[in-house]
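[1] sequence and predicted structure are below.
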Amino acid sequence: MKVRLAPFTLITLLATLLAWPYSPSNAAMTGGFTVAQQSAIVAAAKRELALFGGRAPIPGVLIGIWAPGKTFIRSVGFSDLATRKPFATDDRFRVGSNTKTFVVSTLLQLADEKRLKLDDPITKFHIGVTVPNGNRITVRLLTEMRSGLFEAYNTPQFSKLPNSPQTQVAPRTLIRWAAAKSPVFSPNARWMYCNTNYLILGLIIEAVTHDTVQHQIQTRFLTPLGLTNTTFPTTDPNMPKPYAHGYGLDKNRNWTDVSVDLSPTISWSAGAMISTMPDMKRWVKAYVTGAVNSKASQKARLSCIPIGDDDMRFGMGIGCSAGWYGYTGGIPGYHTAAYYMPAKDVTVIAFVNSQQEKPKWGTANAIVHEIARILFPKNVPFPDTAH
C-alpha cells in the first residue's frame, strides 16, 4: 500500500464561491476546450490505462479539468466492470494519501492556534510509542518525509497480517513495528516517502487536541467547506454508495474487484479517506491557495524541497512540479491525483480505479502529465513519465 485561523464566515464563503456548478450525475461536460484537445486527452488516457494495465487495460478513469472559462469532465472506461457502467461525478473513490493533505492542514491550524510548533520534536508529545531519533525528528520533518524512519508497511509483521478487510490493527502497533527497525538515514539527511510519518502525525493531532483525528478533520474542513461526500472511515471497510469499483490484478493478470479488501485501520491518517471529484476539486484549490490556514503556515507548507528525482519537489504534505501543487494517492483498487496551478487558476483531477504505480509515478499522475502536455505545454509535471 502506498494513504488557520480563518473565521468560520470566511471559510463558509469560500465553500459558496467554489460550489459545484452542475448535476453530480453528469460525468460528460465540456466547454471552451477544442474538439482536437478533447480527443487528444481521451486518447492519451486510453493509452495510459493500457500501459499500466494487465491482460486488459485498467478499467477506467474519471477526468476533470477546470480553467477560466473552460471545463472538461469525462468518464473514460468503466466504473463497474460487471455492469459496464461509466463513472458519475458523485462516485466515491478511496483517495489514499490525499488524506495527508487534510492531516497537514490540521497541523498547520494547530500551529496557527499556538497549540504546537512545527519544529517541536516527537518527544514533546505523549503519543504512547517511542520512536528512534524522536528528540531530533520534528513535526516539520515528518510532514516533509525527511525523518528517516522505516516504512511501517515494509515490516515483516505487516506482511504477516491476515489479508482480510476485517483485520484490525492500531496505529501505535504499526509505528512500533517500524520503530523496531533501524532508521534508514539520519533526520533531515534526505527525502524518502514513508507512511510511518503520517501515522505519527495522526497521533500527535490526537495528543494535542484530546480528540480523534477524523473528528478534527470533520469539524475543521469537511463541514465548513461543505465537503459532504468526503469521509474518514475508521473500522468499516465498505464503500458508501454510489462508488467506483476498485480493481487489482490476480495472478493471471486479470482484473478482480478489491473495493473493500483493505481495513481502514491499516491506512488511517496515512490514507483512509474517501471522496468525490467535486469535493476534491474544492479541497485542492482551498489548501493550495492557503484558504484554510494563515499566510505564515502556508509559506511553510509551500517551501518545497527537491526530492532528488526529476524536477519533483515536496513541501509539507504537498507535491510540487512545474507550477502544479497537490497530491496523489495509491491504495488497493484506486489511484488518484488532484492538482492546482495557481498561476493559471487551473485544477486537474484524475481518479483511476486501480492502484498501478509502475511505470514511474503511477497511472493517475501519468494521465495528469499527458493532460498538461496537451493543454499547458510550458507547465508539464512528472517529466519522466513520458513513454
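    Nice, I can see it. Numbers count the residues shown, from 1 in each chain.
[2] need the three-state assignment for Asn365.
    Taken by DSSP: H, G, I helix; E, B strand; the rest coil, the conformation at Asn365 corresponds to helix.
[3] now for it, how many residues are close by?
    When neighbours are defined as other CB atoms under 10 Å, Asn365 has 25 of them. C-beta: built from backbone N, CA, C; applies to glycine.
[4] got a list of what it touches?
    Thr328, Ala337, Ala350, Pro381, Phe382, Thr385 (CB atoms under 8 Å, 6 or more residues apart in numbering).
[5] nearest residue to the fourth one other than its sequence neighbours?
    Nearest-residue entry for Pro381: Ser321, 3.7 Å, with adjacent residues in sequence omitted and distances by CB to CB, 6 or more residues apart in numbering.
[6] quick check, pLDDT for the one you found.
    Ser321 carries a pLDDT value of 95.
[7] next one: the helix or strand encompassing His215 to chain centre, how far?
    Per DSSP states H and E: His215 is located in helix 213-217. Helix 213-217 has its C-alpha centroid displaced from the chain centroid by 16 Å (CA atoms, centre = their mean, to the nearest Å).
[8] identify, from the contacts of Asn365, the entry nearest to Ser303.
    For these, the closest approach to Ser303 (CB to CB) belongs to Pro381, at 18.3 Å.
[9] gap between the closest residue to Thr209 other than its chain neighbours and Phe232?
    Leaving out its chain neighbours, the residue that sits closest to Thr209 by CB to CB, 6+ apart is Gln216, at 5.6 Å. The gap separating Gln216 from Phe232 is 10 Å, by CB to CB, to the nearest Å.
[10] what's the answer for Asp80, then?
    Taking CB to CB, one finds Asp80 at 24 Å from Phe232.
[11] phi, psi for the residue nearest to Pro381 please.
    Backbone torsions of Ser321, given as degrees, to the nearest 10, read phi -160, psi 120.
[12] got the contact list for the residue sitting nearest the centre point of the chain?
    Note on the chain: the residue nearest the mean C-alpha position is Asn98, at 1.6 Å, using CA atoms, centre = their mean. Asn98 makes contacts with Gly271, Met273, Ser275, Met280, Tyr327, Thr328, Gly329, Thr336, Ala338, as judged by CB under 8 Å, 6+ apart.
[13] quick one: average pLDDT of stretch 196-211?
    Taken as a whole, stretch 196-211 carries a mean pLDDT of 98.
[14] equivalent analysis for stretch 64-75, please.
    Computed over stretch 64-75, the mean pLDDT rounds to 97.
[15] got the buried residues for that stretch?
    Gly64, Ile65, Trp66, Ala67, Phe72, Ile73, Arg74, Ser75 (16 or more other CB atoms under 10 Å).
[16] bridged to the third one, which residues?
    Same thing as Trp66. For Trp66, the beta-bridge partners are Thr71, Thr347 (DSSP bridges).
[17] among the contacts of Asn365, which lie within strands?
    Thr328, Ala337, Ala350 (DSSP state E).
[18] from those residues, which is closest to Ser263?
    Of the ones in strands among the contacts of Asn365, the one sitting nearest to Ser263 (CB to CB) turns out to be Thr328, at 21.9 Å.
[19] wait, Ala338 sits on Trp324?
    No - using CB atoms under 8 Å, Ala338 is not in contact with Trp324, being 10.2 Å away.
[20] which one's more surrounded, these two?
    Ala338 (29 against 26).
[21] dump the residue contacts of the residue nearest to Thr209.
    Thr106, Ile205, Thr209.
[22] check contacts around the last one.
    By that I understand Thr209. Taking CB under 8 Å, 6+ apart as the criterion, Thr209 is in contact with Leu110, Arg115, Gln216.
[23] could you point out which element follows the helix holding His215?
    strand 247-249.
[24] so Leu199, which state does it fall into?
    Assigned state for Leu199: helix (three-state reduction, three-state DSSP).
[25] return the residues in contact with it.
    Ala152, Pro171, Leu174, Ile175, Trp268, Ser269, Ala270.
[26] what's the burial count for the second one?
    Residues within reach of Pro171, counting by other CB under 10 Å, total 25.
[27] from what I can see it touches Leu201, true?
    No - assessed by CB under 8 Å, Pro171 is found out of contact with Leu201, at 10.2 Å.
[28] quick check: neighbours shared by these two?
    By CB under 8 Å, 6+ apart, the residues touching both Pro171 and Leu201 are Ser269.
[29] residue ranges of the strands in the protein, please?
    28-31, 60-67, 70-77, 93-94, 247-249, 255-257, 274-275, 305-306, 313-314, 319-321, 324-331, 334-341, 346-352.
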